[in-house]
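Novice: Sequence and computational prediction follow.
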Amino acid sequence: MSRYTGPSCRLCRRAGTKLFLKGDRCYSEKCAIARRNSLPGQHSQRRAKFSEYGLRLHEKQKLRRFYGMTERQFERFFEKASRMAGQKGHNFLQLLERRVDSVVYRLGIASSRAQARQLVTHGHITVNGKKLDIPSALVKVGDVIAVAPNSRDIPTIRENLEVASARAIPEWLELNAERMEGRVVSLPTREQIDVPVNEQLIVEYYAR
């Protein structure tokens, strides 16, 4: 399945909640959810009541779109989480948060996960001083994620970091905006993962 390239706000309206796919727009009055929180389409209908299966599918699709992943990538991460000790749901969310593109977004180097993925793919990000262009690579405690030296004059990155310095960074991350780098100080707990989903429903979806 290819990556979705259509209107991002349509996905938020379908999910019925903000997925923060459009960067700063999601925090403004222009947000589609703030302006018209209804199903997308010419004849926007009332939200139907989900079946047991539909509820779990809806939650899975919402989380997959939140992180901007394909179905195959999403399933691969869930399989990895299933092999780990502990709660599958928490393990799954923790793995998704530990992706390099997600960390770049959480640090504020990028305004959205889509932009973060692009920055990583184009070689603008380093991990522990080495350039890394794989968005799905996982970081660990102690890793330093920084803007590559040759990319520090990019206006978009500078503007993002100026905004990020005024916003709250997750407690499991540490940002040094002046040096354009961040560090993973711990693995995120469930309380530190700000994701609008019930992960247990996703576990039940894959257990069917």
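Specialist: Ah, there it is.
Novice: Show the pLDDT at E159.
Specialist: Per-residue confidence (pLDDT) for E159: 91.
Novice: I should have written R167 there, sorry.
Specialist: In this model, R167 carries a pLDDT of 75.
Novice: which residue is nearest the middle of the chain?
Specialist: Y67 (3.8 Å; C-alpha atoms, centre = their mean).
Novice: Need phi/psi at the residue nearest to that one when sequence neighbours are not counted.
Specialist: Nearest non-adjacent residue to Y67, counting by C-beta to C-beta, 6 or more residues apart in numbering: L96, 5.3 Å away. For every residue, glycine as well, the C-beta is placed using N, CA and C. Backbone geometry at L96, expressed as degrees, to the nearest 10, gives phi -60, psi -40.
Novice: Test my guess that L96 contacts F77.
Specialist: Yes. Counting by C-beta atoms under 8 Å, L96 touches F77, with 6.3 Å between them.
Novice: circling back: residues near the residue nearest to Y67, how many?
Specialist: 24 (other C-beta atoms under 10 Å).
Novice: show me the contacts for it.
Specialist: L96 makes contact with L63, Y67, F77, S102 under the criterion C-beta atoms under 8 Å, 6 or more residues apart in numbering.
Novice: any idea how far G182 is from it?
Specialist: Applying C-beta to C-beta, to the nearest Å, the value for L96 to G182 is 18 Å.
Novice: Could you measure from the residue nearest to Y67 over to G129?
Specialist: Applying C-beta to C-beta, the value for L96 to G129 is 25 Å.
Novice: Got the domain ranges for the chain?
Specialist: Structurally, the chain divides into domains by automatic domain parsing as follows: 8-96+194-206, 99-184.
Novice: helices or strands next to the top helix by length along the chain in the packing?
Specialist: In the chain, taking DSSP state H as the definition, the longest helix is helix 52-67. Helices and strands touching helix 52-67, as assessed by 3 or more C-beta pairs under 8 Å, 6 or more residues apart in numbering; DSSP states H and E, comprise helix 8-15, helix 71-82, helix 199-206.
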